[in-house]
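Colleague: Got a predicted structure plus its sequence, pasted below:
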Amino acid sequence: MANQFKHRWRSDLLIVIGLLCLLFLVFVAFLNWMLALAGVVILALAITWFIVNETQFDKELVEYIAGLSYRLKQVGDEALLQMPVGIILYNRSERIEWCNPYLATIQTSGDALIGRPLQDLSVSLIELLHSDKDSSIVLIGGRKFRVRIKRADRLLYFTDITDLLKIKKAYYNEHVVLALIFLDNYDEVTQGLDDQVRSAISNKSTTAIKKWASAHGIYLRRTAADRFLAVMNEKVLKEIEEGHFSILDQVREITIPLSHIPLTLSIGVGAGTAMLEDLGAFAQSALDLGLGRGGDQAVIKRPDGDVKFYGGKSNPIEKRTRVRARVISHALSELMLESDQVLIMGHRSPDLDSVGACIGVMKIAHANGRSAKIIRDPGERLSGVVRLMEEVQKDRHLWSHFISKEEAREQVTKRTLIVVVDTHRPSMVVAPELLQEVHRVVIIDHHRRAEEFIKAPVLVYMEPYASSTSELVTELLEYQTNERPLDVIEATAILGGIAVDTKNFTLRTGFRTFDAASYLRAHGADTILVQKFLCDDLDQFNQRADLIRRTEVYRSAIALTAGEENRTYDQVLIAQTADTLLTLEGIRSSFVVALRDDGKVGISARSLGEINVQIIMESLGGGGHLNNAATQLSGLTVPEATDKVKKAIDTYFEGGLS
């Protein structure tokens with residue numbers, strides 16, 4: 001194009017010059033005709049030369065364009081037929097009308113593709129056609145292709161990305177992963193043992209961890225008597241995940257013959273980033289999360305917030321020292337003294353444990369000379385604590401310490417201390433909006449720590465080994481130097497909290513549970529009144545009996561019952577039914593599925609310890625303890641939720657949950 005433009009410019013210039021020369025010769029002819037004649041001859045020769053040259057140029061230009069067109073066509077044919085990009089034209093019936101030779105070489109059947117349905121090449125192509133996507137990865141002949149679609153032209157392009165994906169996978173597999181390994185209860189297990197047994201436990205556990213690390217190619221470094229640092233990559237981590245962190249079971253099993261208390265591990269893993277500092281922070285955070293859930297488990301944490309749990313199959317071991325309770329009690333007193341008031345709240349749909357723990361924290365605040373109010377929701381149903389609240393309302397002094405969410409919002413200041421009991425999930429507290437307004441929050445809870453957690457609390461007292469939050473609060477009360485005497489209703493409410501979570505001291509009790517109960521009994525707790533709080537009316541009894549009548553035995557030892565599809569049940573009733581089913585002969589675990597008043601499907605799960613219902617409920621978005629867990633599902637019918645529970649149970653027994 002540049003040469004053509006230059007040629008045109010030159011031609012136009014020569015024409016102009018020729019005209020000027022002709023005019024000049026006409027002028028010269030008036031002066032000297034001989035000179036003018038010579039000029040005409042020269043001009044004629046120049047014009048002749050120009051015409052010949054122009055003709056030759058046009059001929060060469062035509063030949064050049066023809067050659068270029070041929071080359072472009074040849075290149076186009078080469079690109080269409082020989083380049084390693086597959087092309088398919090399909091018709092309205094989703095059959096192949098045409099494909100280039102490259103695509104014919106990647107299909108494995110050896111038959112011609114033209115005229116065959118697209119699904120013969122890959123079912124994924126049909127899914128792509130019927131979706132809103134512009135591209136997708138499709139497996140054909142053992143190789144992966146990025147398929148791009150132009151629906152207007154009914155055209156598919158195939159690009160082989162198999163090698164690229166292998167490179168990406170290899171790069172990902174080499175990413176560094178850090179893990180912190182902690183012997184949860186080394187001091188508790190070895191306490192009181194002679195040196196020989198203690199040395200044997202240490203040697204066997206250390207040897208097992210080292211063999212496990214060596215088998216997987218992990219760099220292991222012992223940093224303390226009960227701590228290890230492990231360095232691996234993503235490929236090794238995947239292998240360990242596929243084995244469900246078998247080292248947890250190995251260490252527990254090899255120490256059982258040496259001690260009546262099994263030694264357990266907690267592993268915090270940081271992965272998913274190239275920043276070593278972040279990996280260390282993720283690993284420590286994961287370890288804290290595992291320990292907060294009772295230990296004996298591995299936790300993997302990544303930058304995207306994805307957290308995976310493995311293990312947690314054993315009951316948390318009760319600590320054999322009260323040092324932490326005394327330290328927490330003192331720290332709580334200091335925080336209260338630094339605050340102008342204390343607001344206390346439990347979870348929505350409160351039970352006896354939640355209300356009893358709130359009353360206990362209120363007494364701690366009074367012992368430190370601080371005003372304390374318990375936040376309640378007047379519009380919420382109190383089916384689980386209706387009799388307790390009736391007794392509280394009879395005591396005008398005690399009832400004056402209960403306020404609504406609106407009143408609490410009006411009273412809150414920058415120096416207010418909020419104490420959350422019996423939960424650590426911000427979505428479950430009575431007034432979650434207050435957590436955004438106050439920066440001083442204390443958590444006292446006995447549940448295993450979940451991924452959802454109140455942001456930046458100033459003090460956390462979470463002990464999954466404890467029977468109830470009321471037990472923890474009772475211990476904190478015991479260590480208050482300015483202890484205030486408990487009224488009968490106050491002591492009874494706290495004792496009721498312990499009783500309801502231990503099923504009248506039959507499940508999840510330790511020696512400290514009975515110590516706390518003894519303390520409350522000595523301060524006037526009325527056991528007859530506790531039974532009054534726990535009893536239910538005839539209507540509840542009949543509803544529970546109806547649910548029990550619908551029970552089926554699943555997998556030989558699991559009682560599974562589902563409520564009527566269009567009938568709502570109280571959450572407390574659902575939980576009580578699960579407890580009752582567990583008392584039947586031959587039943588090791590129970591699951592109750594029923595529609596709640598809020599439109600969600602509530603699921604309560606109980607176990608005698610052989611089946612870990614916490615893991616099963618966590619797979620459905622819930623949580624709890626090894627033998628007491630629950631969850632709520634939205635957007636499902638009762639039969640659909642029941643099917644999900646059965647699938648989760650099947651997955652658990654097949655080893656898919658850990």
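Modeller: Cool, the structure landed. Numbers count the residues shown, from 1 in each chain.

Colleague: Quick check: which element contains N53?
Modeller: Here N53 sits within helix 33-81, counting by DSSP states H and E.

Colleague: State the mean pLDDT of that helix.
Modeller: In this model, helix 33-81 has a mean pLDDT of 69.

Colleague: now do stretch 353-372
Modeller: For stretch 353-372, mean pLDDT rounds to 95.

Colleague: that older thread, next helix or strand past the helix holding N53?
Modeller: Downstream of helix 33-81, the next assigned helix or strand under DSSP H and E is strand 86-90.

Colleague: elements contacting the helix or strand just after that following strand?
Modeller: Per DSSP H and E, the first helix or strand lying C-terminal to strand 86-90 is strand 96-99. Counting contacts by 3 or more CB pairs under 8 Å, 6 or more residues apart in numbering; DSSP states H and E, strand 96-99 packs against strand 86-90. Using the backbone N, CA and C atoms, a C-beta is placed for each residue, glycine as well.

Colleague: who does the strand it packs on pair up with?
Modeller: strand 96-99 (antiparallel), strand 155-160 (antiparallel) (DSSP bridges).

Colleague: and the residue most central in space within the chain, what does it touch?
Modeller: The residue lying closest to the centre of the chain (CA atoms, centre = their mean) is D306, at 4.0 Å. Going by CB atoms under 8 Å, 6 or more residues apart in numbering, D306 touches G272.

Colleague: That one and A450: what is the separation?
Modeller: To A450, D306 is 14 Å away according to CB to CB, to the nearest Å.

Colleague: ok, back up a step: go through the strands paired with strand 86-90 and find the least confident stretch.
Modeller: strand 96-99 (a mean of 84).

Colleague: Would you mind listing the buried residues in that one?
Modeller: Neighbour-count burial for strand 96-99 flags 96, 99 (criterion: 16 or more other CB atoms under 10 Å).

Colleague: and that strand, how far out from the chain's middle?
Modeller: Centroid separation between strand 96-99 and its chain, computed with CA atoms, centre = their mean, to the nearest Å, is 44 Å.

Colleague: Only alpha carbons, please: show it as CSV.
Modeller: Below are the C-alpha coordinates for strand 96-99, written out as CSV (Å, rounded to 0.1, in the frame of the first residue of the first chain):
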residue,chain,number,x,y,z
ILE,A,96,-21.4,-32.1,13.6
GLU,A,97,-21.6,-30.6,10.1
TRP,A,98,-17.8,-30.1,9.6
CYS,A,99,-14.6,-30.3,11.6
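
Colleague: For N100, which non-adjacent residue is closest in space?
Modeller: Nearest residue to N100 in three dimensions, chain neighbours excluded: I87, at 4.6 Å (CB to CB, 6 or more residues apart in numbering).

Colleague: Just to check, that neighbour is in contact with L155?
Modeller: Yes. Under the criterion of CB atoms under 8 Å, I87 makes contact with L155 at 7.1 Å.

Colleague: quick one, which of the two is more surrounded?
Modeller: I87 (18 against 14; other CB atoms under 10 Å).

Colleague: Can you name the residues bridging to the more buried one?
Modeller: Partner residues in beta bridges with I87, using DSSP bridges, are Y157.

Colleague: what mean pLDDT does the helix or strand where V500 lies have?
Modeller: Using DSSP H and E, V500 maps to helix 488-501. Throughout helix 488-501, pLDDT has a mean value of 93.

Colleague: buried stuff in that helix?
Modeller: 489-501.

Colleague: Between those, which sits nearest M83?
Modeller: Here the nearest of these to M83, counting by CB to CB, is D501; it sits at 70.1 Å.

Colleague: where does the stretch 201-350 of the chain have low pLDDT?
Modeller: The stretch 201-350 of the chain contains residues with pLDDT under 70 at 258-261, 292, 294, 312-323.

Colleague: That one: strands as residue ranges?
Modeller: All strands of the stretch 201-350 of the chain, identified by DSSP state E, counting those that start in this stretch, fall at 219-224, 227-233, 265-270, 297-301, 307-311, 341-345.

Colleague: who does the last one touch, helix- and strand-wise?
Modeller: This points to strand 341-345. Packing partners of strand 341-345 (3+ CB pairs under 8 Å, 6+ apart): helix 352-367, strand 372-376, helix 405-411, strand 416-421.

Colleague: Kindly report the same for the third one.
Modeller: For strand 265-270, the packing partners by 3+ CB pairs under 8 Å, 6+ apart come out as strand 176-183, helix 247-255, helix 276-292, strand 297-301.

Colleague: Please state the offset of the longest one from the chain centre?
Modeller: For helix 276-292, the gap between its own C-alpha mean and the chain's C-alpha mean amounts to 15 Å (CA atoms, centre = their mean).

Colleague: Now it: buried residues?
Modeller: Judged by neighbour count (16+ other CB under 10 Å), helix 276-292 contains these buried residues: 279, 282-283, 285-292.

Colleague: Count the residues that sit near I344.
Modeller: A count of nearby residues for I344, using other CB under 10 Å, gives 27.

Colleague: same thing with D570?
Modeller: Residues lying near D570 (other CB under 10 Å) number 18.

Colleague: Buried residues, stretch 525-536. List them.
Modeller: Buried residues in stretch 525-536 (16+ other CB under 10 Å): 525-526, 529-530, 533-534.

Colleague: now that stretch: mean pLDDT?
Modeller: On average, stretch 525-536 scores 87.

Colleague: hmm, who's touching it?
Modeller: Contacts of stretch 525-536 (CB under 8 Å, 6+ apart): 352, 385, 387-388, 391, 486, 488-489, 491-496, 499-500, 504, 517, 521, 544, 576.

Colleague: on that earlier part again, distance to A112 added to the helices and strands packed on strand 265-270, as TSV?
Modeller: Below are those laid out as TSV (distance: least, CB to CB, whole Å):
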stretch	distance to A112
strand 176-183	49
helix 247-255	55
helix 276-292	54
strand 297-301	49
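
Colleague: of all these, which lies closest to P378?
Modeller: Per CB to CB, nearest to P378 of the helices and strands packed on strand 265-270: helix 276-292, 32.8 Å.

Colleague: could you give the angle of that closest one to strand 265-270?
Modeller: 150 degrees (axes from the mean of the first three to the mean of the last three CA atoms, to 10 degrees).

Colleague: Give me the residues contacting helix 276-292.
Modeller: Residues from elsewhere that reach helix 276-292, judged by CB under 8 Å, 6+ apart: 176-180, 182, 184, 266-273, 297-303, 307, 309, 448-449, 451, 460, 462, 464.

Colleague: try it again with 6 Å
Modeller: Outside of helix 276-292, the residues within contact range by CB atoms under 6 Å, 6 or more residues apart in numbering are 178, 180, 266, 268-270, 297, 299, 301, 449, 462.

Colleague: Can you tell me which of these is closest to E610?
Modeller: Closest to E610, out of all of the contacts of helix 276-292 and judged by CB to CB, is Q297, at 17.8 Å.

Colleague: Next one: that closest one relative to H366, how far apart?
Modeller: From Q297 to H366 the distance is 38 Å (CB to CB).

Colleague: wait, isn't T551 in contact with T561?
Modeller: Yes. Between T551 and T561 there is a contact under CB atoms under 6 Å: 4.1 Å.

Colleague: These two: which is more packed in?
Modeller: Between T551 and T561, counting by other CB under 10 Å, T561 is the more crowded of the two (22 against 19).

Colleague: you'd agree that one is in a strand?
Modeller: Yes. Under DSSP: H, G, I helix; E, B strand; the rest coil, T561 falls within a strand.

Colleague: OK, contacts around it?
Modeller: Counted by CB under 6 Å, 6+ apart, T561 has contacts 547, 550-551, 592.

Colleague: ok so I149 is a strand residue?
Modeller: Yes. Per three-state DSSP, I149 lies within a strand segment.

Colleague: what's the spacing between it and L89?
Modeller: I149 is 12 Å from L89, by CB to CB.

Colleague: the more surrounded of these two?
Modeller: I149 (20 against 14).

Colleague: In space, what's closest to that one - neighbours in sequence excluded?
Modeller: Nearest to I149 is L156, by CB to CB, 6+ apart, at 5.6 Å.
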